[in-house]
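In: quick one, what's the 3D model for this:
(2 chains)
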Amino acid sequence: MTDFAIELSGVEKKYRFFSLDHIDLKVPQGQIMGLIGPNGAGKSTTIRILMGLVHQDSGDVRVLGHQMPAEQVAAKWDVGFASEDMRLYDSMTVGWHMSFIQSIFPGWDTAYAQLLLKRFGLRAEQKIKGLSHGQRVKATLLLVLARKPKLLVLDEPTTGLDPVARHEILRELTNVMADEGRSILFSSHNTQDVEQISDQITFIDRGRIIDSMDKELYLDRWRRLRLEVPLGIKLPVLPGIIDVIQDGRLAVATANAFDPDLAMAYESSGAHVHSVENMTLEEIFVANVEHSREEVGA
Amino acid sequence: MNGGPFIISQSDKRPMYLQIMEQIKQRIVVGDWTEGQPIPSIRQLAVDFQVSVITVKRAYLELERERVIVTQQGKGSRVASSAGLGARLRELELEQHLEQATRIAVQLGLQPTQLEERLREAGDRVSEKETI
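Out: Numbers count the residues shown, from 1 in each chain, chains lettered A, B, ... in the order given. All right, here's what the predicted structure looks like:
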């Protein structure tokens, strides 16, 4: 068995107005990978490729060791996939869907399904057409979670949910991690969700992966430095600093490869470092996308 | 061993691993987790906190470095069995606050004697408030 639940290498896909450019992505088994990026960045295309729903032009895709799309039938027994555009049968009940999925997947856990029903505030006799958006999302996730698949692939599982529902979903996702043989890849716009529950973070923008790494290492590399720059002192250009905004005597520098030496270098140039702040993933997200777009000269 | 509420604050600006470290230390300081006692596995605590395994792992590594907990391969982690750990953690907290205050004093250009004077004044204010 492979150590990676998902392995994409050199994956390319060209459309008329969009292309995925050499995607390399690895999700270690037993971990949660959060996929983030602006709208249209290529998150859903990447997810569809690894589910075998869209075929890559080139590159290697392995899901739980199975080559995709060739071995997708074998792979899908152990993969639970949920996305916005998944349709349930409107005129059927939640319970009907549960029995249907149960009849196909031997791993279905009836007790866990009942527990989820309760936790999500759903009732088996409700028809799909009477459900709110949030309830539909929860019903879809219930059907996937109760199968207890080795890998969960979730496209925007918390989008459009109220805070309570979001919290319920996040709790179930972290519960999955109690079993170290299971893995999750999910995409989200909600950087707070990704920051909270991901072990690994992958940033996609304009069809390219900007960064993909361990979340703790990643958050640790980014810092905001607040500086006081006396008149007549010019701030040095330092490696690892991607942005400096100065207004009068105050300046804010953003580091994407922070090292305490950076603060020392500013001090020895005659500036004073007032504070070195951590950044939230949301702040990093915005700074990173802007920086990488400047670099490509867009 | 089960710990009740482990909650990450979203308005707390510090990284999550620091918050987790602090909450574990609190349990030791108040005496809920005693010296030598086994503590939850990294995975279990991740589920309890509803945060990623990697974040709890980071917190445990830092706590090991500070000798607050001990981890044995295959046996899990437990609170270090050094005597008076709770008291030592309180001392540590005090030291950190004093260092922070000193840093600000240096920025303000205060001399050590002036800082001492300010500390005495702060002490007077605290005891005044307590007598009211």
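In: the closest residue to chain A within chain B sits in which helix or strand?
Out: At 4.1 Å from chain A, B:Ile54 is the closest residue in chain B, using C-beta to the nearest C-beta. Placement of C-beta: from N, CA and C, glycine included. Using DSSP states H and E, B:Ile54 maps to helix B:53-65.
In: after that helix, which helix or strand is next?
Out: strand B:69-72.
In: so which elements touch whatever helix or strand comes next after that following strand?
Out: Counting by DSSP H and E, the next helix or strand C-terminal to strand B:69-72 is strand B:76-79. For strand B:76-79, the elements it packs on are strand B:69-72, judged by 3 or more C-beta pairs under 8 Å, 6 or more residues apart in numbering or on different chains; DSSP states H and E.
In: the strand it packs on pairs with which strands?
Out: According to DSSP bridges, strand B:69-72 forms sheet pairs with strand B:76-79 (antiparallel).
In: now do the helices in the chain.
Out: All of this is about chain A. A:43-50, A:72-76, A:94-104, A:110-119, A:133-145, A:163-176, A:191-197, A:215-221, A:260-268, A:281-295 (DSSP state H).
In: try again with chain B
Out: Shown for chain B, the helices assigned by DSSP H span residues B:16-29, B:42-49, B:53-65, B:85-107, B:112-131.
In: and the angle from the second one to helix B:16-29?
Out: It stands for helix B:42-49. Orientation of helix B:42-49 against helix B:16-29 (axes from the mean of the first three to the mean of the last three C-alpha atoms, to 10 degrees) gives an angle of 90 degrees.
In: tell me the buried residues in stretch A:59-68?
Out: Applying a neighbour-count criterion of 16 or more other C-beta atoms under 10 Å in any protein chain shown, one finds A:Gly59, A:Val61, A:Arg62, A:Val63, A:Leu64, A:His66, A:Met68 buried in stretch A:59-68.
In: what's near enough to touch the second one?
Out: For A:Val61, the contact set (C-beta atoms under 8 Å, 6 or more residues apart in numbering or on different chains) comprises A:Glu7, A:Leu8, A:Val11, A:Ile49, A:Leu50, A:Gln67, A:Met68, A:Pro69.
In: do the same with the first one
Out: If you count contacts by C-beta under 8 Å, 6+ apart, A:Gly59 has them with A:Leu8, A:Ser9, A:Gly10, A:Val11, A:Glu12, A:His22, A:Ile23.
In: any chance of those in JSON lines, plus distance to chain B, pLDDT and neighbour count?
Out: Putting these into JSON lines (distance: C-beta to the nearest C-beta, whole Å; pLDDT from 0 to 100; neighbours: other C-beta atoms under 10 Å in any protein chain shown) gives the following:
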{"residue": "A:Leu8", "distance to chain B": "21", "pLDDT": "96", "neighbour count": "24"}
{"residue": "A:Ser9", "distance to chain B": "23", "pLDDT": "96", "neighbour count": "13"}
{"residue": "A:Gly10", "distance to chain B": "26", "pLDDT": "96", "neighbour count": "13"}
{"residue": "A:Val11", "distance to chain B": "25", "pLDDT": "96", "neighbour count": "22"}
{"residue": "A:Glu12", "distance to chain B": "30", "pLDDT": "95", "neighbour count": "15"}
{"residue": "A:His22", "distance to chain B": "26", "pLDDT": "94", "neighbour count": "15"}
{"residue": "A:Ile23", "distance to chain B": "22", "pLDDT": "95", "neighbour count": "25"}
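In: so which of these belong to strands?
Out: Among the contacts of A:Gly59, DSSP state E puts A:Leu8, A:Ser9, A:Gly10, A:Val11, A:Glu12, A:His22, A:Ile23 in strands.
In: isn't the fifth one up against A:Ser58?
Out: Meaning A:Glu12. Yes. Look at A:Glu12 against A:Ser58 with C-beta atoms under 8 Å: they come within range, at 4.8 Å.
In: re earlier: so the helix holding B:Ile54 versus helix A:163-176, what angle?
Out: Using the same axes, to 10 degrees: helix B:53-65 against helix A:163-176 is 70 degrees.
In: quick one: list the elements packing against helix B:53-65.
Out: Using 3+ C-beta pairs under 8 Å, 6+ apart: helix B:53-65 touches helix A:215-221, helix B:16-29, helix B:42-49, strand B:69-72.
In: for A:Leu281, find the nearest of those.
Out: Closest of the helices and strands packed on helix B:53-65 to A:Leu281 is helix A:215-221, at 7.0 Å (criterion: C-beta to C-beta).
In: got the contact list for the closest one?
Out: A:34, A:195, A:198-201, A:211, A:255-258, A:278-279, A:281, A:284, B:15, B:17, B:52, B:54-55, B:57-58.
In: tell me how far A:Ala178 lies from A:Lys148.
Out: Using C-beta to C-beta, to the nearest Å, one gets 12 Å for the distance from A:Ala178 to A:Lys148.
In: neighbour count: those two, which is higher?
Out: With neighbours defined as other C-beta atoms under 10 Å in any protein chain shown, A:Ala178 and A:Lys148 compare such that A:Lys148 has more, 18 against 14.
In: in chain A, which helix or strand is least confident?
Out: Every helix and strand in chain A was compared by mean pLDDT, DSSP states H and E; the lowest is helix A:281-295, with a mean of 87.
In: near chain B at all, that helix?
Out: No. Helix A:281-295 lies out of reach of chain B by C-beta under 8 Å from any C-beta of the partner chain, never closer than 10.7 Å.
In: now that helix: how far from the chain's centre is it?
Out: Relative to its chain's centre, helix A:281-295 lies at 16 Å (C-alpha atoms, centre = their mean, to the nearest Å).
In: buried residues in it?
Out: Those would be A:Leu281, A:Ile284, A:Phe285, A:Ala287, A:Asn288, A:Val289, A:Ser292, for helix A:281-295 by 16+ other C-beta under 10 Å.
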